[in-house]
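**Q** Here's my sequence, what's the structure:
(chains A, B, C and D)
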Number of protein chains: 4
Amino acid sequence: MAGNTFGQIFRITTFGESHGEAIGVIIDGCPAQLDIDLDYIQSELDKRKPGQSKITTQRKEADTVKILSGVFEGKTTGTPIAMIIPNEDQRSKDYSHNTDVFRPSHADYTYHSKYGIRDHRGGGRSSARETAARVAAGAVAKLMLKAKGIEVIAHVSSVGKIDAPNVDISNPQAFIEEREKNIVRCVDPATAEEMIEKIDSIRKQGDTIGGKVTCFITNCPVGLGEPVFDKLHADLGKAMLSINAVHGFEYGSGFEGSEMQGSEHNDLFVNTGDQIRTLTNYSGGIQGGISNGMPINFKVAFKPVATIMTNQQTVDANGDAAEIQGKGRHDPCVVPRAVPIVEAMAALVIADHYLRNKSAIL
Amino acid sequence: MAGNTFGQIFRITTFGESHGEAIGVIIDGCPAQLDIDLDYIQSELDKRKPGQSKITTQRKEADTVKILSGVFEGKTTGTPIAMIIPNEDQRSKDYSHNTDVFRPSHADYTYHSKYGIRDHRGGGRSSARETAARVAAGAVAKLMLKAKGIEVIAHVSSVGKIDAPNVDISNPQAFIEEREKNIVRCVDPATAEEMIEKIDSIRKQGDTIGGKVTCFITNCPVGLGEPVFDKLHADLGKAMLSINAVHGFEYGSGFEGSEMQGSEHNDLFVNTGDQIRTLTNYSGGIQGGISNGMPINFKVAFKPVATIMTNQQTVDANGDAAEIQGKGRHDPCVVPRAVPIVEAMAALVIADHYLRNKSAIL
Amino acid sequence: MAGNTFGQIFRITTFGESHGEAIGVIIDGCPAQLDIDLDYIQSELDKRKPGQSKITTQRKEADTVKILSGVFEGKTTGTPIAMIIPNEDQRSKDYSHNTDVFRPSHADYTYHSKYGIRDHRGGGRSSARETAARVAAGAVAKLMLKAKGIEVIAHVSSVGKIDAPNVDISNPQAFIEEREKNIVRCVDPATAEEMIEKIDSIRKQGDTIGGKVTCFITNCPVGLGEPVFDKLHADLGKAMLSINAVHGFEYGSGFEGSEMQGSEHNDLFVNTGDQIRTLTNYSGGIQGGISNGMPINFKVAFKPVATIMTNQQTVDANGDAAEIQGKGRHDPCVVPRAVPIVEAMAALVIADHYLRNKSAIL
Amino acid sequence: MAGNTFGQIFRITTFGESHGEAIGVIIDGCPAQLDIDLDYIQSELDKRKPGQSKITTQRKEADTVKILSGVFEGKTTGTPIAMIIPNEDQRSKDYSHNTDVFRPSHADYTYHSKYGIRDHRGGGRSSARETAARVAAGAVAKLMLKAKGIEVIAHVSSVGKIDAPNVDISNPQAFIEEREKNIVRCVDPATAEEMIEKIDSIRKQGDTIGGKVTCFITNCPVGLGEPVFDKLHADLGKAMLSINAVHGFEYGSGFEGSEMQGSEHNDLFVNTGDQIRTLTNYSGGIQGGISNGMPINFKVAFKPVATIMTNQQTVDANGDAAEIQGKGRHDPCVVPRAVPIVEAMAALVIADHYLRNKSAIL
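**A** Numbering: from 1, shown residues only, chains lettered A, B, ... in the order given. Purely as a prediction, here's the structure:
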């Protein structure tokens, strides 16, 4: 009820503050007998970790994950999988000046108002560090989906006003390889270069910039998603909107679709022999809240990071006017590190609905 | 788990098919001693009902709601409130030709694939008729919120490419009165006229068009929303994305915010004497997933209605090619009737989080 | 959260007060394509309905169930199944004298204290009438279990100090036929006669008496139940303890088992060729919270009905001393009518865990 | 859904196997600003830990708890409280002979059948070691309840056929002090002596014996519990039945109540000036599922421990006949160590319903 749990059958609960002892996650409901590749889980975390390139925060954290339970001789046993990631680089003093001052567009003021107390160090629970736990859990979900041939792949499709063209998703492995060739994680190399330049220039100004991540789910079977409140795209939307800094979500035709007419927007069915498909995919692979076998696609909008290197007017815990000074080590743009988080959350949703769908028919 | 329930404490479960006996809803968790104004609930349903103007479907349904339980001598008792809306105008024969043919961009194919069976009449459970139950429940949530001074108000902000300018929300009652003066439910009269003309022209073509609804929550107290997965905007997003035909959700700066820089996007705090406020509201009234006392605002994108009056190629349940003919009575544009649905779902989310927040501090 | 919902995947939500418009239930999560036999559901309700014999209350209620949704051409569609039972014999005036006086050992005082308001007519929501909705839902669960060969059978094993001997459960159909031959619903005819005499004598005194119901689940597959909190017997226990007037639950060796030694209590495994079985069944068919393929058995203790025909001292809503007079039409002993309720709740638990177990292995 | 979570608002999720890295728990939903006394939590764990006396298992485990999150400068912050207890004395080789052989009346066979894989070392997830995590979480719940004056106190009321007389609960602190004076944790000293002798004699035979724990909740406010499925005693019952080895639960008059008549069983209300009370307490402090302000009392029956020191016939994973030899270090009787577990689970239920009750009235 306090909302640190996500999912119904494949269900995760995360814990931890950015400057506490550790963060972590319990996965409850992962089926038994699944092979767990710890190196794969760690490699996903490495894509999210700070300090990986010049366009991310320079904080250095190894983010080494450790499995405490639920895996026996390399396989899941059906019992809860607990994973922890110890906090290492806890330079709390960087934050000591912020104790009583509310940083603009951060969660300081709302936490303080809600609970009357907060761990102010580095954002505490509201720090995006919490998402490392999601990435670890999402990696397990991906392993489960891979066992069924389902792939979840995302990349940076926009930085500020720089947009990538449509990209080829026919080979998920090639998609990921191409993406990992550049530090901004955009599959299109020319756009990637432009984006990196932009972020670097923003960073030098002590400023930050927003961006978008586009995600695809390929080879998803027909039938995932529930018809009314738990539509597949509603759960994907909630998953994405629960990620720090996300301000928008659209799937299929999205916001542009609201400007179209039915005669152009309808996806006509055809039987290709192998499969019933649609000629277009404005539905984004989901109709009536249920996957239709076409590739699922959606886009997630991230606001610019709130921590900037310039001084800003604000108030403190007494309500008095105060000035906050830009310090600490932060990302000029979150989207490169957000890619594995988007994938993780999407994988958790799909894994959950995959299991939920087992009860559609007796 | 089959996803016909929404909310944690203020929790609704809906049931019913468009051409069955009745649709309805159970509200579980509404606090006791709340005054229930049945006329108000009915008036909300009247805003959603079909046949209300020339730009909505011409189907006629009274959509008369009846309370079966949970209210005693005009007040809630803390027990479940069951409400039913009998189905009246069930011209099932309009749909008999669709029995085995999958309508493009409808839920026919996915339901059929998921369950191996479906009530094909008028969309069955996937019909937007289900949302009448949500509007009834949402009206109760609104009554609860009104008792605390919180108002939820929405209007049509776009039809196709026609966008309304920013509107004044300082007087929620005036907002609603102005909106109800025109059949498209846009608060700006000039834009409303343009929108109505557009929809009428689209209707004459036998086509449909998408649009957007913008919603505001005024006088929301600080502290609603949970920090991690159940962020207030994540639950609002899921609520909106669970409405038929919705393809996108954004709050505060939304998708545009992803093109901005931190230095322009940050909302600076000021103490106005009465209250801590922000100078701008790119945060949309929510920071770190928790309401900050500023007006909450979000936008919802609806795709064009899939039922059009022209013939379309498709496949049938055997996978054979088929042609579907546009028949039935449908909306050329859903947004005028979607306004009360958006408000209802928003009210349900806020009511739920209002009650959840009671446990933040002992 | 207000607790009118039971189950995780096969999930029911009930509503209704004893003297309101109707009571009812929504089943969410029943798999599609299940044959629904409305006569069977009604016949289960008939076993619970008042006025069926001289040893039950003389109130007459037809308790006719009506399905509003979720069933199409005789089969479930995977959408919510709503069922209502209109209230008919609402002699509210029988209760008018109780408006402000708290009946001893009823829920009047606690409801009043919790909500500050209550529908006092006939117990309102706390009336055992609510269990009719459970019986209707349980009948659907039984139909689902029967499709898998699983049977849930119960009978009255004690009335006051009169205990039935062990009974034969090898033929569930014969068990039920034998049980329905007498009005107390005890499978052993000699004990049944004694019980009926006892209840009739208690009734003539204007008094009431408690009793016990024993329930068996036969042909339950191995593997149902979850290891830790949702042990199969824990969910069965909660289900039974949620029935009005239940004060105790035990399974397998139960309370007597706590007086035994391990060397006599352990159930040794043998392989019979067909199946791994245990030589004894002190485990009651459940080990480590998970069904082991042996018959499941448990016992439920019901207190005597609180409404008696003699005057009793109490207090009223002002806290003043008052006298309550025994009026109304009530059961001298609930167990004959409790048998279908116990079966219904057990069936709901088993159906839910049957579906939950589908996710144990991918 | 896999059932490692308990509670709705004050909600715990446990993890860990007996011979894995660690066991632990996340508490989600504990209100902010609560003082956390780590010594108190540890002292509760010490009452459960093995090796504490001659009548418990001789395994030695320090069971030292560590808080990873959710507590800042000694107070809860409203974020998840993660606690871990590293596993220390993992003599896995004691269990190596059991790898493929199903121990009678253990969970080996059912786990193996359900998941097709299991961590066989020391029972793995089915080990009662999991309850240490519950005791840690329960200690936090107790701290929350103590802040409101509510006390949860239990003691051993039976070992085999040795029953303690009724005990005085008017001073909870004195109750606990008296109980902790003897190693069997029975408040009555004479009975305690008899019980200890009995257990010691059983231990010398290499056998085990069952027993009962009685629990009281004092100073519980009126109004906790939900009317229908989540009756306070139904949730207490489920909590108790989820503890390893529990076979029965009763509250108030319990099983004996089913032999009584209404005229003797009804609890008459009186106004004592301070408070509305009942003259007797057959209701066990709960009426209609809701606390009535009287002391809550219930009893829990534990079967004898399944591990005994004699050889037993069984089958192995191939279904072949096998003999199991009694080895390892186990408890001759679980009830002395079960007392803190019963208290912990009861405290979790009461804490949860305390918070749930905040929404009964707006």
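**Q** From here on, just use CA atoms for contacts and neighbour counts.
**A** OK.
**Q** Now do the SS call for residue A:84.
**A** Using DSSP: H, G, I helix; E, B strand; the rest coil, the structure places residue A:84 in strand.
**Q** where's the closest residue to it other than its chain neighbours, which helix or strand?
**A** Take residue A:84 and drop its neighbours on the chain: the residue closest to it by CA to CA, 6 or more residues apart in numbering or on different chains is residue A:24, 4.1 Å away. Following DSSP states H and E, one finds residue A:24 within strand A:22-28.
**Q** For whichever residue of the stretch 201-350 of chain A sits closest to chain C, give me its contacts.
**A** Per CA to the nearest CA, residue A:227 is where the stretch 201-350 of chain A lies closest to chain C, at 8.3 Å. By CA atoms under 8 Å, 6 or more residues apart in numbering or on different chains, the residues touching residue A:227 are A:288-290, B:2-4, B:125-126.
**Q** Going along the chain, name the helices of chain A.
**A** A:38-48, A:108-115, A:131-146, A:172-179, A:189-204, A:232-241, A:254-257, A:262-265, A:335-356 (DSSP state H).
**Q** What residues sit buried inside stretch A:188-202?
**A** Across stretch A:188-202, burial judged by 16 or more other CA atoms under 10 Å in any protein chain shown covers A:188-189, A:191-192, A:195-196, A:198-200, A:202.
**Q** filter those residues by proximity to chain D?
**A** Among these, no residue lies close to chain D (CA under 8 Å from any CA of the partner chain).
**Q** Pick the one among these closest to residue C:173.
**A** Using CA to CA, residue A:188 is the member of those that sits closest to residue C:173, with 68.5 Å.
**Q** Show the pLDDT at the closest one.
**A** On the pLDDT scale, residue A:188 is placed at 98.
**Q** Repeat that for residue A:52.
**A** 88.
**Q** Give me the number of neighbouring residues for it.
**A** Residue A:52: 17 surrounding residues under other CA atoms under 10 Å in any protein chain shown.
**Q** Show the contacting residues for it.
**A** Here residue A:52 is in contact with residue A:58 (CA under 8 Å, 6+ apart).
**Q** Give me the phi and psi for it.
**A** Per-residue torsions, residue A:52: phi -80, psi -20 (degrees, to the nearest 10).
**Q** Next: the one 10 residues further on.
**A** Its backbone dihedrals place residue A:62 at phi -70, psi -30, with angles given as degrees, to the nearest 10.
**Q** related to what we said a few turns ago, would you mind finding the most buried of the helices of chain A?
**A** Mean neighbours per residue, mean count of other CA atoms under 10 Å in any protein chain shown, is largest over the helices of chain A for helix A:232-241, with a mean of 29.
**Q** Now do that one and helix B:232-241, the angle between them.
**A** Here the directions of helix A:232-241 and helix B:232-241 differ by 160 degrees (axes from the mean of the first three to the mean of the last three CA atoms, to 10 degrees).
**Q** helices or strands next to helix A:232-241 in the packing?
**A** Under the contact criterion of 3 or more CA pairs under 8 Å, 6 or more residues apart in numbering or on different chains; DSSP states H and E, helix A:232-241 touches strand A:246-251, helix A:335-356, helix B:232-241.
**Q** Relative to residue B:356, which of these is closest?
**A** Short answer: helix B:232-241, nearest of the helices and strands packed on helix A:232-241 by CA to CA, at 11.3 Å.
**Q** got the angle for the closest one vs strand B:246-251?
**A** If you take the same axes, to 10 degrees, helix B:232-241 sits at 160 degrees to strand B:246-251.
**Q** who's in contact with helix B:232-241?
**A** Contact partners of helix B:232-241, identified using CA under 8 Å, 6+ apart, comprise A:229, A:231, A:233-235, A:237-242, B:224-226, B:246-251, B:286, B:289-291, B:300, B:342, B:345-346, B:349, B:353.
**Q** tell me the angle it makes with helix B:335-356.
**A** Relative orientation of helix B:232-241 versus helix B:335-356 (the same axes, to 10 degrees): 140 degrees.
**Q** Could you give the average pLDDT over helix B:232-241?
**A** Taken as a whole, helix B:232-241 has a mean pLDDT of 98.
**Q** Now find how far off-centre it is within its chain.
**A** Taking CA atoms, centre = their mean, to the nearest Å, the mean C-alpha location of helix B:232-241 is offset from the chain mean by 11 Å.
**Q** burial of the closest residue to residue A:249 other than its chain neighbours, as a residue count?
**A** Closest residue to residue A:249 apart from its sequence neighbours, by CA to CA, 6+ apart: residue A:300 at 4.8 Å. Residues lying near residue A:300 (other CA under 10 Å) number 29.
**Q** is it true that residue A:300 touches residue A:246?
**A** Yes - counting by CA atoms under 8 Å, residue A:246 is a contact partner of residue A:300 at 6.8 Å.
**Q** still on that earlier bit, as TSV, the buried residues of stretch A:188-202 with distance to residue B:17 would be great.
**A** Converted to TSV, the buried residues of stretch A:188-202 look like this (distance: CA to CA, whole Å):
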residue	distance to residue B:17
A:188	46
A:189	50
A:191	48
A:192	49
A:195	49
A:196	52
A:198	52
A:199	51
A:200	55
A:202	54
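**Q** Low-confidence ranges, the stretch 201-350 of chain A, go.
**A** Along the stretch 201-350 of chain A, segments meeting pLDDT under 70 span A:328.
**Q** Up against chain D, what does it have?
**A** Going by CA under 8 Å from any CA, none of the residues of the stretch 201-350 of chain A are near chain D.
**Q** Pick the one among the contacts of residue A:227 closest to chain D.
**A** Proximity of the contacts of residue A:227 to chain D, judged by CA to the nearest CA, is greatest for residue B:2, which lies at 13.2 Å.
**Q** Local confidence estimate at the closest one?
**A** Listed pLDDT for residue B:2 reads 93.
**Q** wait, what's in contact with it?
**A** For residue B:2, the contacting residues are A:226-227, A:230, A:356, C:9, C:28-29, C:79, by CA under 8 Å, 6+ apart.
**Q** again, only using 7 Å
**A** Listed by CA atoms under 7 Å, 6 or more residues apart in numbering or on different chains, the contact set of residue B:2 reads A:226, C:9, C:28-29.
**Q** same check, this time on residue A:335
**A** Contact analysis of residue A:335 by CA under 7 Å, 6+ apart lists A:156, A:211-213.
**Q** what about residue A:66, how many neighbours?
**A** 17.
**Q** how close does it get to residue A:40?
**A** Separation of residue A:66 from residue A:40 (CA to CA, to the nearest Å): 13 Å.
**Q** sorry, back to before: got TSV for the contacts of residue A:335, with distance to residue B:272 too?
**A** Putting the contacts of residue A:335 into TSV (distance: CA to CA, whole Å) gives the following:
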residue	distance to residue B:272
A:156	40
A:211	33
A:212	35
A:213	38
